[in-house]
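Trainee: Give me a model of this one.
(4 chains)
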Number of protein chains: 2
Amino acid sequence: MVREETDGAGAKIGTDHSAMRARNERLVLSLIRRHGALAKSEIARLTGLSAQTVSVIMRGLEAAGLLTRQAPVRGKVGQPTVPMSLAPEGALFLGLKVGRRRTEMVLIDFVGQVRGARVMRHDFPSPDGVIDFARRSVAELTAPLPEDLLKRIQGLGIGLPFQLWDWAASLGLAADAMDDWRHRDIRAELAPEMPWPVLLENDASAACNAELVFGKGSLPKDFVYAFLGFFVGGGLVLSGSMFAGHSGNAGALASTPVPDGQGGSRQLVEVASLSALERALAARGQNGAFLWESAPDWELDEEIVAPWLAEAAKGLAHVAASAGALCDLQAMVIDGWLPDRLRTRLIAAIEVELDHIDLSGMARPRIMAGTAGPQARSLGAASLPLSAKFLVEFASLPDVPDRD
Amino acid sequence: MVREETDGAGAKIGTDHSAMRARNERLVLSLIRRHGALAKSEIARLTGLSAQTVSVIMRGLEAAGLLTRQAPVRGKVGQPTVPMSLAPEGALFLGLKVGRRRTEMVLIDFVGQVRGARVMRHDFPSPDGVIDFARRSVAELTAPLPEDLLKRIQGLGIGLPFQLWDWAASLGLAADAMDDWRHRDIRAELAPEMPWPVLLENDASAACNAELVFGKGSLPKDFVYAFLGFFVGGGLVLSGSMFAGHSGNAGALASTPVPDGQGGSRQLVEVASLSALERALAARGQNGAFLWESAPDWELDEEIVAPWLAEAAKGLAHVAASAGALCDLQAMVIDGWLPDRLRTRLIAAIEVELDHIDLSGMARPRIMAGTAGPQARSLGAASLPLSAKFLVEFASLPDVPDRD
DNA sequence: CGTTAAATCAACATAGTTGAGTTATTCCTT
DNA sequence: AAGGAATAACTCAACTATGTTGATTTAACG
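Mentor: Model prediction:
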């Protein structure tokens, strides 16, 4: 039931029977995840598969504990339909998010509920410290689980900022303080110790995946996602699935050139990131460390926040326009380690800036708020093994009509 | 043998046996197209399919006339391998390219050789004129074909500039001269008359597809393609296949905002297009009509071409950087209705401009020349039905190792 | 109690896999 | 140089996995 995806050197790219079944199973799970509970007959109509085939597949998924039957729906002529929904305890996932001041591990279930969490604070992350924390947290989070749930853990996802070593200088640390990260591969180090697959992604890409898999709003099929943390990162969702790029670095919004207002260009990270905000605080003699102390509920002086917001919005609007033109995007989704109110203001400001950009020849992308908020990255890390094992690439998914 | 892809409302998204076979057949054809002749045993190794399955599939493709056996290769221990290559006459395709002053139709074979062509010149294209030309050209191009080749025509692809109606003003025509295009759908009008599928794409996206399908150079898996014509357009190739976007408008490079050198931004089309060059000519009192008269072999005054080149390169370098960051691209491919020497200069100039952009945090995209040149668009139009029917999405293709 | 739609059962069809056998070559031994 | 062993490509026949079809059962409404 729901086999691993073969990968690596000897990857099989031809399709055989088991690949066919695997894909059809993922298709069923993906449809139910996106739409909510669906009856076998509805799945048959949506997929074009025969009722018999769908019946076999869904009974299998139910037997595997991944689907549960809901109360039968009566009121229409004919035998009542039995909607099947995702079984929350059908599968569990661990997510490790490495951050600037906080490293977190979460345990989530099949529907994205957080079942447990651990947090470690640090001046700056070190590979050894993170690996140690990961080991302890896995032990602590799995210890209370009964045998049957323990077996349902499907993987560990890691969300890690890329080019961590570039932080050192900006943190006032010795320039080589984080050089360790250059040469360490924590995925490869943790994988042998863990009984499940271990996956790694850029932390912002992971956040994007959380939005895609667990997002509550109705997302378009194509959008660019931006997460404002110490850096700014993102992800690119095309045809409903995340596009990671050949080296896993797609959505590297930090590096995007944006006009600097003086005829040249600079990188987005210089204007639309919390590091930029921290610099603005420092310029006024304030210590920005509080930004990272706890959940982001801070309130800043308007004199500091307004100019930062204006520049960030200008940069992000430029990205929305150029990414929109290139990829025919319908939206840009904004999230970050930000208080809700600030995120709302930022979105409004981007809309205003977009008015000042010539968008002829392309569709204007909507600017939307993310639904996962500050915890998007850890949720996203945990969502990586979920996507890898249980979801089909959405390219082939149809629009699911609402039930009447 | 190689079935049509089902599409439209009742699209079947579940996988059944025939979809499995269809995909494996396309996979075989895609591998041979990319690599050149391959033996059954090599295909078996590359795909991971069993020798028996590959044998059955390839005998079928041979019987269908899509593959031909090459001379057996001896010299190694064991039975000699029989490489199979694409049969040039295995399938034929028609391509209609609508342009500013020229509309063309070509007939190409399975390996991209042009078997026939028709050209119509006009002051500006009209839907009725184009449809009429298409009808006549199809008749003229197919008339000399023997019965068996006639049956091998697989489709008609159309490459059409989007937003044709915006030209009118810049051509000095009545503003509503091309309003017809707003309301006409030449694909829908031609389709019922033709015994094959009729597909339509943006002309620049079609050119991109030609590069992808017939390109002689070794292309990376992810690149952005730019074609400089009257406008500038492009295409986006991700994981080896073209990404068209939800409304078919991906790669709309014309609309990309680039810094205007004065602190604001303007659209790429204003600097990197032949319409910009024509404007520069007009500003010096020269009539730019000659640009379109024949194949692009013109030589321009350095005082006109140098400033245009500089601005175009600056704009394209900005696009290369921002697209590169967003999509983790390995390259930008440049082609256009340009003399070869000018294209070469443009590429060099983009490289220089790229040196002035901060690319930290991303890989520097290579700037490469296209291999199809001025005829890329008509070739590309004809390549559309080829891709649709005979190629698999390359996402799953492995790197084919060279034979030793 | 007839009609309807969901769900299932049993027989069947399709296409991939496995293992044995055939073929055409090179390599090795005499 | 001749003949057999080794090797690798290819094919055949039997088998397996999985999807489809048409008949049947089930549980509701009217």
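
Trainee: report the longest helix in chain A, please.
Mentor: Determined from DSSP state H, the single longest helix within chain A is helix A:302-327.

Trainee: Next, the buried residues of that helix.
Mentor: Within helix A:302-327, the residues that count as buried by 16 or more other C-beta atoms under 10 Å in any protein chain shown are A:304-305, A:308-309, A:311-327. Every C-beta, even on glycine, is put in place using the N, C-alpha and C of the backbone.

Trainee: Kindly report the same for stretch A:190-200.
Mentor: Neighbour count says stretch A:190-200 has A:190, A:196-200 buried, by 16+ other C-beta under 10 Å.

Trainee: Within the sheet, what are the partner strands of the helix or strand that the longest helix of chain A is followed by, with directions?
Mentor: The first helix or strand that comes after helix A:302-327 along the chain, using DSSP states H and E, is strand A:331-336. Strands that pair with strand A:331-336, judged by DSSP bridges, come out as strand A:223-228 (parallel), strand A:366-369 (parallel).

Trainee: any chance of the buried residues of stretch A:190-200 in JSON lines, with distance to DNA strand C, pLDDT and secondary structure too?
Mentor: As requested, the buried residues of stretch A:190-200 are exported to JSON lines (distance: C-beta to the nearest atom of the strand, whole Å; pLDDT from 0 to 100; DSSP: H, G, I helix; E, B strand; the rest coil):
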{"residue": "A:Leu190", "distance to DNA strand C": "32", "pLDDT": "98", "secondary structure": "helix"}
{"residue": "A:Trp196", "distance to DNA strand C": "26", "pLDDT": "97", "secondary structure": "coil"}
{"residue": "A:Pro197", "distance to DNA strand C": "23", "pLDDT": "97", "secondary structure": "coil"}
{"residue": "A:Val198", "distance to DNA strand C": "28", "pLDDT": "98", "secondary structure": "strand"}
{"residue": "A:Leu199", "distance to DNA strand C": "26", "pLDDT": "96", "secondary structure": "strand"}
{"residue": "A:Leu200", "distance to DNA strand C": "30", "pLDDT": "96", "secondary structure": "strand"}
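
Trainee: near chain B, from the residues you listed?
Mentor: Restricting these to those touching chain B (C-beta under 8 Å from any C-beta of the partner chain) yields no residues.

Trainee: re the thing from before, among the strands paired with strand A:331-336, which comes closest to B:Val224?
Mentor: strand A:223-228 (15.3 Å; C-beta to C-beta).

Trainee: okay if I get the buried residues of stretch A:190-200 as JSON lines plus distance to A:Glu353?
Mentor: What follows is those, written out as JSON lines (distance: C-beta to C-beta, whole Å):
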{"residue": "A:Leu190", "distance to A:Glu353": "42"}
{"residue": "A:Trp196", "distance to A:Glu353": "44"}
{"residue": "A:Pro197", "distance to A:Glu353": "42"}
{"residue": "A:Val198", "distance to A:Glu353": "40"}
{"residue": "A:Leu199", "distance to A:Glu353": "36"}
{"residue": "A:Leu200", "distance to A:Glu353": "34"}
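
Trainee: Just the closest of those to DNA strand D, please.
Mentor: Nearest to DNA strand D among these: A:Pro197, at 20.7 Å, using C-beta to the nearest atom of the strand.

Trainee: Surely the closest one is in contact with A:Gly157?
Mentor: No. Taking contacts as C-beta atoms under 8 Å, A:Pro197 lies outside contact range of A:Gly157: 9.1 Å.

Trainee: Spit out the residues that contact those two alike.
Mentor: The contact sets of A:Pro197 and A:Gly157 overlap at A:Pro385 (C-beta atoms under 8 Å, 6 or more residues apart in numbering or on different chains).

Trainee: Quick check, the residue in the stretch 301-404 of chain A closest to DNA strand D?
Mentor: A:Val392 (12.5 Å).

Trainee: Spatially nearest residue to that residue (excluding sequence neighbours)?
Mentor: Leaving aside its chain neighbours, A:Val392 sits nearest to A:Arg26 (3.9 Å; criterion: C-beta to C-beta, 6 or more residues apart in numbering or on different chains).

Trainee: Could you verify that that neighbour is part of a helix?
Mentor: Yes. The assignment for A:Arg26 (DSSP: H, G, I helix; E, B strand; the rest coil) places it in a helix.

Trainee: Looking at the buried residues of stretch A:190-200, point me to the pair that's furthest apart.
Mentor: Farthest apart among the buried residues of stretch A:190-200 by C-beta to C-beta are A:Trp196 and A:Leu200. That separation is 13.5 Å.

Trainee: Quick check: which element contains A:Ile32?
Mentor: With DSSP H and E as criterion, A:Ile32 is part of helix A:17-35.

Trainee: so that helix versus helix B:17-35, what angle?
Mentor: 100 degrees (axes from the mean of the first three to the mean of the last three C-alpha atoms, to 10 degrees).

Trainee: tell me what helix A:17-35 is packed against?
Mentor: The contact analysis (3 or more C-beta pairs under 8 Å, 6 or more residues apart in numbering or on different chains; DSSP states H and E) places helix A:17-35 against helix A:40-47, helix A:51-63, strand A:83-86, helix A:376-390, helix B:17-35.

Trainee: I'm done for today, thanks for sticking with me.
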